[in-house]
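**Student:** Coordinates only, no sequence provided:
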């Protein structure tokens, strides 16, 4: 099985639980094991788009992870917590400032573009080989360095103190909890995230996602998305059956003076990765240049 599933992860389950559910359903129905993995972890309390890649499509996970992500987050101002969400106890600030809507709007541009952000202590960041959240739960002190992330936009969707609702589009590695916390601190307050939904990863939308409790062998097959969607930003070439055979062997192919049809020839540069499709439109491989020829960086063709 080769393809992608867009699943709406419910609250109070892990991202791994979703993958395990898909694998269990497949094995129960077919008697076979299924290789699967998810692109972009969601915290257990968060909901929304979780992309599950099946079979050789797991080799495309990094492309999905690199796509921009859109979130709808709800934050409570005037409080703080060790986890920056509801996992740990809330601590109420004494006489906290109540920012005005216009104060929030004026502060938001400070958090757009490339910014330095310090992840929460309760996160999956690796600290000397251990997950930060495991150390934090044991009461072990440690420091997490700030890292550069990119935030494309932040829109205020609602504000009735102490609750603030934001829609955030950002790059990989951005912590929405930290964003809400840092915005509140700039406004001389503090905040915890009380709700989070990932509404999109690239072109994958929560409106099109399958609910986890709807996962059956029939819905897996019906909901399968072509792996081409994971790399649709790449230039394309169509390769003939002889070239497919060569790629299956891990060999190099030339796209000049061949039967290959360049779908977007003007976009293909020597430094590009490109996707190779067979004449039926199936993704065969991701190619990278080697001199005047191309070799499979990722091979998806059947043996």
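**Tutor:** Cool, got the structure. Because the structure is predicted, anything quoted here is derived from the model rather than measured. Numbering: from 1, shown residues only.
**Student:** From now on I want contacts and neighbour counts done on CA atoms only, so please keep to that.
**Tutor:** Noted.
**Student:** Now do the helices in the stretch 101-250 of the chain.
**Tutor:** 101-107, 132-137, 176-186, 217-223, 241-248 (DSSP state H, counting those that start in this stretch).
**Student:** winner for burial among those helices?
**Tutor:** Comparing those by mean neighbour count (mean count of other C-alpha atoms under 10 Å), helix 176-186 comes out on top with a mean of 20.
**Student:** So which elements touch that helix?
**Tutor:** strand 69-77, helix 101-107, strand 191-201 (3 or more C-alpha pairs under 8 Å, 6 or more residues apart in numbering; DSSP states H and E).
**Student:** could these go into JSON lines alongside mean pLDDT?
**Tutor:** Below are the helices and strands packed on helix 176-186 laid out as JSON lines (pLDDT from 0 to 100):
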{"stretch": "strand 69-77", "mean pLDDT": "98"}
{"stretch": "helix 101-107", "mean pLDDT": "97"}
{"stretch": "strand 191-201", "mean pLDDT": "97"}
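**Student:** so which of those comes closest to residue 43?
**Tutor:** strand 191-201 (9.1 Å; C-alpha to C-alpha).
**Student:** List the strands paired with the closest one, with their directions.
**Tutor:** In the sheet containing strand 191-201, the strands it pairs with under DSSP bridges are strand 47-54 (parallel), strand 69-77 (antiparallel), strand 204-205 (antiparallel).
**Student:** would you turn those into JSON lines with distance to residue 272 and mean neighbour count?
**Tutor:** Below are those laid out as JSON lines (distance: least, C-alpha to C-alpha, whole Å; neighbours: other C-alpha atoms under 10 Å):
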{"stretch": "strand 47-54", "distance to residue 272": "24", "mean neighbour count": "27"}
{"stretch": "strand 69-77", "distance to residue 272": "23", "mean neighbour count": "23"}
{"stretch": "strand 204-205", "distance to residue 272": "24", "mean neighbour count": "20"}
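**Student:** Columns distance to residue 121 on top of those strands, output as CSV?
**Tutor:** Listed next are these as CSV, based on distance: least, C-alpha to C-alpha, whole Å:
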stretch, distance to residue 121
strand 47-54, 21
strand 69-77, 18
strand 204-205, 29
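**Student:** out of the ones you listed, nearest to residue 147?
**Tutor:** Comparing those by C-alpha to C-alpha, strand 69-77 comes nearest, at 17.8 Å.
**Student:** contact partners of stretch 179-188?
**Tutor:** Residues from elsewhere that reach stretch 179-188 (C-alpha atoms under 8 Å, 6 or more residues apart in numbering): 75, 77, 84, 97, 99, 103-104, 107-108, 111, 117, 190-193.
**Student:** Could you tell me how far the residue positioned nearest the centre of the chain is located from residue 282?
**Tutor:** With distances taken as C-alpha atoms, centre = their mean, the residue of the chain nearest its centroid is residue 40 (3.5 Å). Residue 40 is 25 Å from residue 282, where distance means C-alpha to C-alpha, to the nearest Å.
**Student:** now swap in residue 79 and tell me
**Tutor:** Applying C-alpha to C-alpha to residue 79 and residue 282 gives a distance of 52 Å.
**Student:** So the two - more neighbours on which side?
**Tutor:** Neighbours were counted for residue 79 and for residue 282 using other C-alpha atoms under 10 Å; residue 79 has more, 23 against 15.
**Student:** ok, that one - contacts?
**Tutor:** With the criterion set at C-alpha under 8 Å, 6+ apart, residue 79 makes contact with 90-93, 189-192.
**Student:** quick one: which of the helices of the stretch 101-250 of the chain is nearest residue 5?
**Tutor:** helix 217-223 (6.4 Å).
**Student:** average pLDDT for the closest one?
**Tutor:** Helix 217-223 shows a mean pLDDT of 95.
**Student:** same for it, what does it pack against?
**Tutor:** strand 3-9, helix 15-30.
**Student:** how about the ones you listed, which one is nearest residue 227?
**Tutor:** Using C-alpha to C-alpha, those put strand 3-9 closest to residue 227, at 5.2 Å.
**Student:** Quick one: residues contacting residue 162.
**Tutor:** 75-78, 98.
**Student:** contact partners of stretch 134-152?
**Tutor:** Here stretch 134-152 makes contact (C-alpha under 8 Å, 6+ apart) with 111-119, 121-122, 127, 168-174.
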